[in-house]
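**Q** below are the sequence and a predicted model for it; my questions follow.
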Amino acid sequence: VSTQSTWGLLMKKEKDAEWKWDSETIEKLLQSGNYQGVIDKCTEDMEAHGKVSAKLIMRAKCYSKVGECVKALADINEEFELNKSPPLLEIIEFKAELLWELGQINEAIAFLEPKNLTDKTGKIKNKIAEYKRIYLEECGLPHYNPEIVKMEKLSKWMRDNGAIFKNIRMKYYSPDFRGVHTFNPLEENEVFLIVPKHLIIYPKLGKETPMGGKILTSGVSLNWDYLVYIAVFLLTEMHNPNSEWKPYLDLYPRIVSSFPMFFNEYEKSLLQGSPMLEHIAYEYDQIKKEYYRILDAVPEFKMISCEEYIKNKMLVISRIFYVRMDGVTERIMVPLADMFNHHPEKVGQTYWQYSEKDNAFVVKAQKRIEKGDAICENYGSKPNYRYLFYYGFVVENNPKNTLYLKIFLNADDPMLKAKQMLIGVSEGEYIKIYKFFEAYTVFLEKNDKLISTLRFVQFEGDPSALGKYVIPSVSNFALCTFEQRKISMPCISKSNEKKMLIKLKEIAKKCLAKFPQTYEEDLHLLQSKALTFNERNCIIYRSGEKKILKDLIEMADLGLFLLTKEYAEAQAYFEAKNETKPYNIYIEKTLLPFLQNEDKIKPQSLKDRSSNY
C-alpha cells in the first residue's frame with residue numbers, strides 16, 4: 001500500500017472523526033518524502049487528543065518507510081485492538097507485509113488465512129500462495145518446516161531483546177547447512193545488523209555460572225580458557241529447560257560431522273598418509289584430558305558428558321569473533337552473525353565491530369550487496385589445514401596451503417651428540433614440526449626456517465663452527481648447556497646446500513609414499529559429482545599436501561642441477577625456463593646470489609617471477 005493511497009483511505013476514514021487533523025501539513029510532508037515529519041506530527045496530535053485508528057495507521061506506514069518495522073507493527077496491532085470494525089483489505093495486507101519484512105512468515109500466513117474466508121477479491125489467497133512460494137525459493141525449506149519455525153522464533157527473540165536487523169534472513173542449503181542471505185539489496189555503508197551486548201556470549205558469562213565459577217577458583221589448567229568458559233556457558237544453558245537463550249540454542253548446530261575430529265573411520269581413511277590424522281588424535285586427546293582435569297576439580301561437571309564437551313568446544317572455535325570490547329581484546333559469539341559463512345572472494349563485503357558507543361556488535365555493508373546474495377565473511381587467509389580442522393570445510397586451489405613436517409637429526413651422524421647438546425633435543429626426539437607454506441614468497445621467513453634446520457641437520461665439520469648458527473649463539477661449545485635453541489643457518493657452501501636439498505627431496509618422497517593415491521589420481525577423483533561433502537574436502541585437502549611435496553621435489557632437483565653450474569650458466573638456465581613456481585624465490589633470493597658471490601660476478605638483474613605468484 002503506497003503512503004499516498006493510505007493517506008487517501010485515512011482522509012475518508014476521518015470524515016466521521018470528532019476532530020480534524022492538519023491535512024494540509026500532512027499532505028506537504030508526504031509529498032516531500034518527510035516521513036519522519038509525519039511520524040512526529042501524528043505523535044504530537046495523538047499525545048494531545050488521544051489515539052485514533054487513522055493516525056496509528058498513518059504513523060505505522062511512515063515507520064515502515066524509515067525502516068522501523070517493529071514500531072510500525074506495534075501501531076497496527078494497537079489499531080486492530082482500538083478499531084472494532086472489520087479492517088480494510090489494504091490494512092490487512094500491510095500488516096502481513098510487516099510480518100514478512102520482520103521474518104515472521106508463519107505469523108503472516110496464519111494472520112491472512114482466516115481473512116481469506118471472507119475475501120471476495122482473491123487477493124489474500126494469492127498473497128498466501130505468493131508468500132509460500134517465495135519463502136521456499138529464498139529459504140530452501142517450506143514455511144511449515146520445524147527449522148523454519150525455530151528460525152522465526154530466533155528472529156523474534158532477538159528483536160524483542162533489542163536487536164536490529166533488516167533485509168536479511170537465514171537460508172537452508174541442506175538440513176544441516178545454512179547461511180544468511182539478503183531479501184532486499186543492501187546499500188554501501190548500510191548497517192543491517194545490530195546485536196546488543198546482553199545478547200552476546202563471551203567468557204565472562206561462563207565464569208559467572210555456578211559451574212564456571214568453580215572452574216575458575218579451582219585453578220585447573222585449561223587450554224584456551226576463553227573457549228572453555230564460552231562452552232561452559234552454552235552447555236549450562238542447554239541443560240536448563242527454562243533458559244532464556246532457548247531460541248538461540250534451538251538453532252545452535254547439533255551436527256559436527258564435517259569436523260575431522262568427528263569423522264567416521266571411512267572418512268579418516270581418506271586422509272591416510274596425511275599429518276592431519278596425527279593432529280586429530282592429538283587434539284582429541286588434549287581436549288579429553290582437559291575435560292577430566294575439570295571433572296576432577298569440579299565433580300558437578302559430570303552433568304556434561306565428555307563427548308558433549310569436546311563437540312561444543314570445537315563448535316565455539318568455529319563461531320567466535322575477535323573484537324575490542326570494554327577496552328580489551330575479547331572473543332565473542334554473536335547470534336545470527338555467527339551464521340555468516342566463509343567466502344574467500346568476499347573480502348571487504350561487510351565490516352563488523354563491537355561499538356562501545358552503541359554497546360552492541362554492529363555489521364554494515366562495505367559495498368552494495370544485491371538481493372538474494374549470501375552475507376559472507378572472510379574468516380581470514382588461512383591454509384586448508386586450519387579451515388578443515390577448525391571450521392569443517394576447505395578452499396579449493398588455496399595458495400595458503402601448508403604441509404607439516406617433523407624434522408629429526410640423522411641417527412648415524414657422527415656429530416649427533418654435539419648437535420643434540422647444542423639445540424637441546426633428546427635422542428630420537430624430533431627437532432620441531434615445521435609448517436611449509438605453498439606460498440613460499442608470502443611465507444619466506446617461515447619456510448626458510450625449515451631450510452635452515454635441514455642445513456644444520458646435514459652439516460659436517462667442526463662442531464664449534466655451529467655455535468654461531470643457533471639463537472642464542474654459543475661461543476664456547478665446551479660450555480654449552482642442554483637447552484632449546486632456535487636455528488638460523490644460511491647457505492654456507494655448495495656441499496652443505498647439496499646435502500640439504502638431497503635430504504629435503506628424501507623427506508618429500510617418503511611423505512608422498514605414505515599416500516595410497518597419487519596427486520594425479522586425486523585430481524581425477526575430484527571430477528566426480530558423486531562425492532559427499534566430506535569426501536570432497538578430504539581429497540582437496542590431501543591433494544594440497546601432495547602438491548607441496550611435489551613442488552619440494554622439483555625445487556630440490558632444480559637446485560641440485562644449478563649447483564653444478566657456474567653462476568652465469570645457472571642464471572641463464574633459470575631465466576630460460578621462465579616458469580612460475582612457488583619456490584622460485586628460493587632460487588632467486590638464495591641459490592643464485594650464493595653462486596654469484598662465489599664466482600665474484602657483478603650483480604645482474606633477476607626477473608622476480610615469484611612476485612606474481
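**A** Okay, I see it.
**Q** okay, CA-based contacts and neighbour counts for the rest of this
**A** OK.
**Q** for this structure, what's the longest helix?
**A** Looking across the chain with DSSP state H, the single longest helix is helix 533-562.
**Q** just checking, next helix/strand downstream of it?
**A** Next along the chain after helix 533-562, taking DSSP states H and E as the criterion, comes helix 567-577.
**Q** so what's residue 104 closest to, chain neighbours aside?
**A** residue 152 (5.6 Å; CA to CA, 6 or more residues apart in numbering).
**Q** that older thread, what comes up buried for the longest helix of the chain?
**A** 534-553, 555-556, 559-560, 562 (16 or more other CA atoms under 10 Å).
**Q** number of residues surrounding the residue nearest to residue 104?
**A** By other CA atoms under 10 Å, 22 other residues sit near residue 152.
**Q** hey, C-alpha coordinates of the helix or strand it falls within in PDB?
**A** If you go by DSSP H and E, residue 152 is part of helix 146-160. Output in PDB follows, covering the C-alpha atoms of helix 146-160 (Å, rounded to 0.1, in the frame of the first residue of the first chain):
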ATOM      1  CA  PRO A 146      10.300 -27.100  12.100                       C
ATOM      2  CA  GLU A 147      13.600 -25.500  11.400                       C
ATOM      3  CA  ILE A 148      11.900 -22.500   9.900                       C
ATOM      4  CA  VAL A 149       9.700 -22.200  12.900                       C
ATOM      5  CA  LYS A 150      12.800 -22.200  15.100                       C
ATOM      6  CA  MET A 151      14.400 -19.600  12.800                       C
ATOM      7  CA  GLU A 152      11.400 -17.300  13.200                       C
ATOM      8  CA  LYS A 153      11.400 -17.700  17.000                       C
ATOM      9  CA  LEU A 154      15.100 -16.700  17.000                       C
ATOM     10  CA  SER A 155      14.300 -13.600  14.900                       C
ATOM     11  CA  LYS A 156      11.500 -12.600  17.200                       C
ATOM     12  CA  TRP A 157      13.500 -13.300  20.300                       C
ATOM     13  CA  MET A 158      16.400 -11.100  19.100                       C
ATOM     14  CA  ARG A 159      14.100  -8.200  18.100                       C
ATOM     15  CA  ASP A 160      12.200  -8.400  21.300                       C
END
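**Q** circling back: in contact with the residue nearest to residue 104, which residues?
**A** Residues counted as contacts of residue 152 (CA atoms under 8 Å, 6 or more residues apart in numbering) are 103-106.
**Q** most widely separated two among the residues you listed?
**A** By the measure CA to CA, 103 and 106 form the most distant pair in the contacts of residue 152, at 8.7 Å.
**Q** out of the two, which sits in the more crowded spot?
**A** Using other CA under 10 Å, the more surrounded residue of residue 103 and residue 106 is residue 103, with 23 against 18.
**Q** any idea how far the more buried one lies from residue 146?
**A** The gap separating residue 103 from residue 146 is 15 Å, by CA to CA, to the nearest Å.
**Q** burial measure for residue 389, as a count.
**A** By other CA under 10 Å, neighbour count at residue 389 equals 20.
**Q** before we move on, the earlier item: the contacts of residue 152 in helices, which ones?
**A** 105-106.
**Q** of the contacts of residue 152, which is the nearest to residue 130?
**A** residue 105 (11.4 Å).
**Q** who does the longest helix of the chain touch, helix- and strand-wise?
**A** helix 265-269, strand 402-407, helix 494-513, helix 519-525 (3 or more CA pairs under 8 Å, 6 or more residues apart in numbering; DSSP states H and E).
**Q** all strands of the stretch 101-250 of the chain, in order?
**A** Taking DSSP state E, counting those that start in this stretch, the strands of the stretch 101-250 of the chain run over residues 164-165, 168-174, 177-182, 191-196.
**Q** I'd like those laid out as JSON lines, including mean pLDDT, mean neighbour count and distance to residue 141.
**A** Shown next, in JSON lines, are these (pLDDT from 0 to 100; neighbours: other CA atoms under 10 Å; distance: least, CA to CA, whole Å):
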{"stretch": "strand 164-165", "mean pLDDT": "88", "mean neighbour count": "19", "distance to residue 141": "21"}
{"stretch": "strand 168-174", "mean pLDDT": "80", "mean neighbour count": "19", "distance to residue 141": "7"}
{"stretch": "strand 177-182", "mean pLDDT": "85", "mean neighbour count": "19", "distance to residue 141": "11"}
{"stretch": "strand 191-196", "mean pLDDT": "94", "mean neighbour count": "21", "distance to residue 141": "23"}
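**Q** make TSV from these and add distance to residue 230 to it.
**A** Shown next, in TSV, are those (distance: least, CA to CA, whole Å):
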stretch	distance to residue 230
strand 164-165	24
strand 168-174	24
strand 177-182	22
strand 191-196	17
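**Q** one step back: buried residues in the helix holding residue 152?
**A** Going by 16+ other CA under 10 Å, helix 146-160 has these buried residues: 147-148, 150-159.
**Q** many thanks, I have nothing further to ask.
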